[in-house]
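J.: Build the 3D model from these lines:
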Amino acid sequence: MAVVVGFLILAFGVWGIGDIFRGFGVFTVAKVGKSEISTEQFRVRYNEQLQQFGRQIGRPVTPDQARAFGLEQQVLGQMIAFAALDERARQLRLGISDAEVAKRITEDPAFRGFNGQFDHNVFLQRIRDIGYTEQRFVFEQRQTTVRRQIAEAIGARLTPPKAVAEALDHFRDEERSVDYVTLDAGKAGDVPVPAPEQLAAYFEERKVAFRAPEYRKVQLITVSQQEVAGTIEVGEDEAKRVYQDRLKLYSTPDRRQVVQISFPNAEDAKLASERIAGGLAFDDLAKEPGFADRVIDLGTVSKTDIIDPTVANTAFDLAEGAVSGPVTGRFGTVILRVQKIEPGATKSFAEVEAELKRDIAADRAKAEVNKIRDKVDEEFGGGARLEEIAQKLNMKLRTIEAVDRSGRTPESEQVADLPTGADVINSAFNSEIGNENDPLQLTGGGYVWYDVANITPSRERKLDEVKDRVEARFREDEIVKRLNAKTTEIVDKLKLGTSLADVAAADGLKVDTKWGLKRQGTEILPARVIAQVFRTAKDAVGSAEGQNATERVIFRVTDIKVPTFDANSATVKGITDQLKGAYNEELLGQYVTRLENDLGTSINQAAVAQAVGRTPSQNQNQSGF
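T.: This is a model prediction of the structure:
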């Protein structure tokens with residue numbers, strides 16, 4: 001799906017889908033040149049994006065949250081940008097043929113069936129999953145491909161500045177070495193148990209930190225595609241039929257290393273062939289003056305890798321080591337030699353039987369899961385609650401009696417075995433008792449339906465309920481104070497010229513040394529320490545929190561190595577490609593903005609408010625369109 005749906009993502013936008021801009025004269029939210037975006041078009045697109053956003057983060061998104069995220073502005077801005085590009089495409093008379101659109105769709109791997117070929121039923125299922133009809137999807141491919149032609153032309157010749165690539169390369173691969181010591185809780189000394197009045201005062205000041213959180217009783221029905229597939233038995237005969245349909249996928253073609261000598265005309269080729277037939281070795285001919293620059297090693301290739309069919313047929317008719325006679329192809333006359341043959345192979349049914357059965361079961365499971373969803377939706381439509389649906393459809397209902405936002409029970413235990421890939425807890429805390437919630441999608445296929453059955457509000461706890469936790473927090477805070485004071489003392493000594501070795505010896509600490517530290521990918525020291533090391537000059541001293549709040553690392557930077565910039569290295573080329581993408585995105589954004597200005601763009605804020613269900617008095621910042 002990534003190939004085709006990827007066409008729908010433009011560099012300047014958020015995830016989105018182009019639309020059919022028509023309906024002049026109807027109530028509009030925006031107008032770009034001669035194109036109007038109707039209130040209904042915007043409402044449909046906004047709701048699609050709202051649902052898509054919810055699926056991405058694993059929980060429903062409320063209208064207020066969507067406004068906070070700026071979804072309204074993003075959708076409107078994107079639709080205006082698409083309209084501007086479509087106007088420009090019409091001015092340039094850009095288009096794409098029906099055959100090309102069909103070719104792009106039918107060649108997408110996401111739409112292939114068991115035989116590896118385009119499957120119309122698979123295609124329909126995939127596009128339905130993202131809310132498309134076939135007509136709309138085909139239309140979108142045409143529109144998006146044309147827009148992409150413009151987008152790619154804008155930055156086709158853009159080359160990022162070398163200085164920026166060099167700076168990023170240095171930032172990424174700069175290395176530092178440090179000597180350091182570590183202070184842990186043991187260096188804080190004995191922390192006495194606080195007196196009752198001291199503990200009470202400490203608790204009163206931090207009572208909010210020890211509140212009992214809000215708990216919710218949550219009911220779940222989970223239908224996993226993987227679990228459903230595990231219940232499906234696939235017979236050997238069916239697997240064999242699919243094996244035959246997919247045989248090409250399990251076959252590796254013959255490959256041959258082919259070397260050719262090209263000739264300016266057929267007469268020269270014939271003379272050379274006669275010399276080889278008379279005993280001259282092919283390699284010796286290739287070394288003769290006038291022939292060396294005509295020798296081409298095609299490499300080890302399959303028959304379809306050779307562009308010229310005549311040359312391909314001849315090469316794959318030769319035995320290993322054999323030399324052909326003159327071969328007149330599309331690009332001239334050549335003599336071929338097959339240096340080596342790698343025979344093709346086909347995996348047997350036995351080798352792929354288990355994989356085939358899993359694939360067949362998985363495909364059936366998709367259809368079965370969709371049937372289950374339809375049944376559940378039908379029950380919801382009739383007003384049934386989740387518990388009633390579970391009983392009627394004989395589905396397993398799981399009840400989590402009490403869970404907080406962090407996924408813990410009142411006993412501070414993490415709720416185990418939650419559905420993978422679905423943020424059930426956050427979703428439940430964004431719902432209310434009695435709400436009918438959209439199902440959450442599972443990683444790997446499937447759904448989770450959830451219901452909030454009860455809410456226990458947050459409350460203040462008494463000291464007796466959390467005395468152990470308060471004492472532990474008191475002790476930790478005292479350790480942190482002592483470690484901070486000790487860290488300051490050591491750093492001051494180092495800055496005055498005392499060596500790290502002498503300071504370590506005086507306090508019973510061990511000096512460690514690390515070389516080749518980088519900003520990223522270095523796990524031998526905590527990330528906070530690494531960040532501070534790269535903010536510190538050579539020979540200077542610094543400190544940072546270690547693995548946790550009760551650990552401090554004190555260090556001296558002993559060496560800094562800046563990498564030599566190599567513009568041809570794979571790393572720099574990767575950086576340059578990333579920069580080019582970023583610059584193209586920025587340039588395209590500027591181009592679209594200019595288009596919108598040149599074409600003339602107007603926005604009806606009242607219509608926008610109407611489309612998203614808010615009152616015009618709920619003002620939005622509409623800048624940036």
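J.: For the protein, give me the ranges with low pLDDT.
T.: When the per-residue scores of the chain are filtered using pLDDT under 70, the ranges that remain are 1-26, 55-60, 114-115, 131, 615-625.
J.: SS state for residue 31?
T.: Classification of residue 31 using DSSP: H, G, I helix; E, B strand; the rest coil returns strand.
J.: How about the longest helix belonging to the chain, which residues are buried there?
T.: Looking across the chain with DSSP state H, the single longest helix is helix 349-381. Within helix 349-381, the residues scored as buried using 16 or more other Cβ atoms under 10 Å are 352, 356-357, 359-366, 368-370, 372, 376, 379-380. Heads up, the C-betas are built off the backbone N, CA and C, glycines and all.
J.: now swap in stretch 581-594 and tell me
T.: Residues 583, 584, 585, 587, 588, 589, 591, 592, 593 are the ones in stretch 581-594 that count as buried (16+ other Cβ under 10 Å).
J.: For that stretch, what is the distance to the chain centroid?
T.: On the basis of Cα atoms, centre = their mean, to the nearest Å, the separation between the geometric centre of stretch 581-594 and that of its chain is 22 Å.
J.: export it as CSV, just CAs?
T.: What follows is stretch 581-594 as a C-alpha-only set of coordinates in CSV (Å, rounded to 0.1, in the frame of the first residue of the first chain):
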residue,chain,number,x,y,z
GLY,A,581,14.4,16.5,0.8
ALA,A,582,14.1,19.2,3.4
TYR,A,583,15.1,22.0,1.0
ASN,A,584,12.6,20.6,-1.6
GLU,A,585,9.9,20.7,1.0
GLU,A,586,10.6,24.3,1.9
LEU,A,587,10.9,25.3,-1.7
LEU,A,588,7.6,23.6,-2.6
GLY,A,589,5.9,25.3,0.3
GLN,A,590,7.1,28.7,-1.0
TYR,A,591,6.0,27.8,-4.5
VAL,A,592,2.5,26.8,-3.3
THR,A,593,2.2,30.0,-1.3
ARG,A,594,3.1,32.0,-4.3
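J.: And the strands in the stretch 151-300 of the chain?
T.: Per DSSP state E, counting those that start in this stretch, the stretch 151-300 of the chain carries strands over the ranges 175-183, 215-224, 251-252, 255-263, 295-302.
J.: just so I know, which of the ones you listed lies nearest residue 511?
T.: Distances from residue 511 to each of the strands of the stretch 151-300 of the chain were compared by Cβ to Cβ, and the smallest falls on strand 175-183, at 5.8 Å.
J.: send the alpha carbons of that closest one over as CSV?
T.: Provided in CSV are the C-alpha atoms of strand 175-183 (Å, rounded to 0.1, in the frame of the first residue of the first chain):
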residue,chain,number,x,y,z
GLU,A,175,34.1,12.2,19.0
ARG,A,176,35.1,13.1,22.5
SER,A,177,37.0,11.4,25.3
VAL,A,178,36.5,11.9,29.0
ASP,A,179,37.9,10.9,32.4
TYR,A,180,35.1,10.7,35.0
VAL,A,181,34.1,9.6,38.4
THR,A,182,30.6,8.5,39.6
LEU,A,183,28.9,9.4,42.8
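J.: want to try a markdown table for the strands of the stretch 151-300 of the chain, with mean neighbour count as columns?
T.: Shown next, in a markdown table, are the strands of the stretch 151-300 of the chain (neighbours: other Cβ atoms under 10 Å):
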| stretch | mean neighbour count |
| --- | --- |
| strand 175-183 | 20 |
| strand 215-224 | 21 |
| strand 251-252 | 12 |
| strand 255-263 | 21 |
| strand 295-302 | 14 |
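J.: Tell me which helix or strand comes right after the longest helix of the chain.
T.: Per DSSP states H and E, helix 349-381 leads on to helix 386-392 as the next helix or strand towards the C-terminus.
J.: closest to residue 104 out of the strands of the stretch 151-300 of the chain?
T.: If you check each of the strands of the stretch 151-300 of the chain against residue 104 by Cβ to Cβ, strand 295-302 wins as the nearest, at 24.7 Å.
J.: Just checking: what are the partner strands of the closest one?
T.: According to DSSP bridges, strand 295-302 has the following sheet partners: strand 255-263 (antiparallel).
J.: For the partner strand, which outside residues touch it?
T.: Counting contacts by Cβ atoms under 8 Å, 6 or more residues apart in numbering, the residues outside strand 255-263 that touch it are 269, 272, 282, 285-286, 291, 294-302, 306, 311, 315-316, 326, 331-342, 344.
J.: Which ChimeraX command selects the buried ones in those?
T.: Typed into ChimeraX, the line below selects the buried ones among the contacts of strand 255-263, using 16+ other Cβ under 10 Å:
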select :269,272,282,285,286,291,295,298,301,306,311,315,316,326,332,333,334,335,336,337,338,341
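J.: hmm, back to that, give me the angle between the longest helix of the chain and strand 215-224.
T.: Per axes from the mean of the first three to the mean of the last three Cα atoms, to 10 degrees, the angle that helix 349-381 makes with strand 215-224 is 130 degrees.
J.: Any idea how far helix 349-381 is from the middle of the chain?
T.: The mean C-alpha position of helix 349-381 is separated from the chain mean by 25 Å, Cα atoms, centre = their mean.
J.: Also stretch 524-532?
T.: Here the centre of stretch 524-532 is set off from its chain's centre by 26 Å, with Cα atoms, centre = their mean.
J.: Output that stretch as CSV - backbone C-alpha positions only.
T.: Written as CSV, here are the backbone C-alpha positions of stretch 524-532 (Å, rounded to 0.1, in the frame of the first residue of the first chain):
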residue,chain,number,x,y,z
ILE,A,524,28.3,3.4,27.6
LEU,A,525,27.3,6.6,29.4
PRO,A,526,23.8,7.9,30.2
ALA,A,527,22.3,10.2,27.5
ARG,A,528,22.2,13.2,30.0
VAL,A,529,25.9,12.8,30.6
ILE,A,530,26.7,12.6,26.8
ALA,A,531,24.7,15.7,26.2
GLN,A,532,26.6,17.6,28.8
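J.: returning to that earlier point: sitting in helices, which of the buried residues of stretch 581-594 do you find?
T.: By the criterion of DSSP H, membership of the buried residues of stretch 581-594 in helices covers 583, 584, 585, 587, 588, 589, 591, 592, 593.
J.: how close does the fifth one sit to residue 168?
T.: Right, the one you point to is residue 588. Taken as Cβ to Cβ, to the nearest Å, the spacing of residue 588 relative to residue 168 amounts to 21 Å.
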